[in-house]
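Undergrad: predicted structure and sequence below. I'll ask about it afterward.
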Amino acid sequence: MRPDQPNGKQDSVEDAMTLALMALGWTLAEESRADRLLALTGIDVETLRAGVGDPAIMAAILAFLANHEPDLIACAQAIDTTPAALIAAQEILSR
């Protein structure tokens, strides 16, 4: 925890954003999964590009994974985390 960040809140958001970015990279690595992401979230390519730093957009990416358990588990394994950590990151970014 940095001294300018009470209770580590900023670190938590940064950690959640990092996990979300890793999850986004994993999601976009497969064309069919990327197409499904865009179709189900309603996010278009331009919005996705512009929203990479936006917690709401990143929470939507994690929600997409949370709504399809096989992808959630596969993503967690691929980025060396747990499904629970991805869900927790989604909750942090949704606030």
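TA: Received, thanks.
Undergrad: helices along the chain, start to end?
TA: Along the chain, the segments classed as helices by DSSP state H run 9-28, 31-41, 45-50, 55-66, 69-78, 83-94.
Undergrad: who's in contact with the spatially most central residue of the chain?
TA: Closest to where the C-alpha atoms of the chain average out (CA atoms, centre = their mean) is residue 20, at 2.6 Å. Applying CB atoms under 8 Å, 6 or more residues apart in numbering, we find residue 20 in contact with 58-59, 61-62, 89-90, 93. (Each C-beta comes from the backbone N, C-alpha and C, glycine too.)
Undergrad: for these, work out which two are farthest apart.
TA: Using CB to CB, the contacts of residue 20 reach their maximum pairwise distance at 61 and 89, which is 9.8 Å.
Undergrad: quick check: phi and psi at residue 68.
TA: phi -140, psi 90 (degrees, to the nearest 10).
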